[in-house]
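Enquirer: Return atomic coordinates for the entry below.
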Amino acid sequence: MMRRPSAAALPTMPTGVEIASFTTYLEAQKAVDHLADEAFPVRHVSIVGTDLHLVERITGRLTYARVAGAGAMSGAWFGLMLALVLWLVNPRGGGVPMLAAVLIGAAFGILFAVVSYSLTGGKRDFTSASQVVAGRYAILCAPEHAGEARQLLAAAGRGGQVRSAPQPSAPAAPPASGNPY
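Expert: Numbering: from 1, shown residues only. Next comes the predicted model:
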């Protein structure tokens, strides 16, 4: 019998009323932390990032030496893991096979990394780290708790833009015509 995933396991957009908005995630996090400190039921709150941007920060230039060093390290780790598995199977092997596995792993790591780098033809000669950053972080709250959350944030002077409760709209005025009937 096949089990269906629970509703909590499925990705869904949070719902609720926007009670505050911040330009950084840290500010939004501090606001929610303040609500938690005030014993507010924070399970009714979500932080939603909007206006998303993919930011790639360049961390350095790639050279053959740097590529070879990274290849040696990853190959050595792979060799060490393989040697540990073999040691678990045959613990009487001693330390020499472990050292040999690390050195052989490092050599193959250098070889594969340098060959891979040379095949790129210099099209990407830099390293980078990517992250998704939001332009704005909104705090949403369940409608039945939104008023209390707004009051707690406003009283604390939590920065950001605290949203006031929506005001009911005034009734529409009758059209201005000369005839009331």
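
Enquirer: Tell me the helices and strands packed up against the strand or helix carrying residue 153.
Expert: Residue 153 belongs to helix 143-156 when elements are defined using DSSP states H and E. Judged by 3 or more CB pairs under 8 Å, 6 or more residues apart in numbering; DSSP states H and E, the packing partners of helix 143-156 are strand 17-22, helix 25-37, strand 161-162. To be clear about C-beta, it is placed using only N, CA and C from the backbone, and glycine gets the same treatment.

Enquirer: just how off-centre is that helix within its chain?
Expert: Relative to its parent chain, helix 143-156 has a centroid offset of 27 Å by CA atoms, centre = their mean, to the nearest Å.

Enquirer: Over to stretch 55-62?
Expert: Distance of stretch 55-62 from its chain centroid, counting by CA atoms, centre = their mean, is 19 Å.

Enquirer: can you list contacts of it?
Expert: The contact list for stretch 55-62 (CB atoms under 8 Å, 6 or more residues apart in numbering) reads 66, 117, 124-133.

Enquirer: Please indicate which of those residues has the highest neighbour count?
Expert: Comparing those by number of neighbours (other CB atoms under 10 Å), residue 117 comes first, having 20 neighbours.
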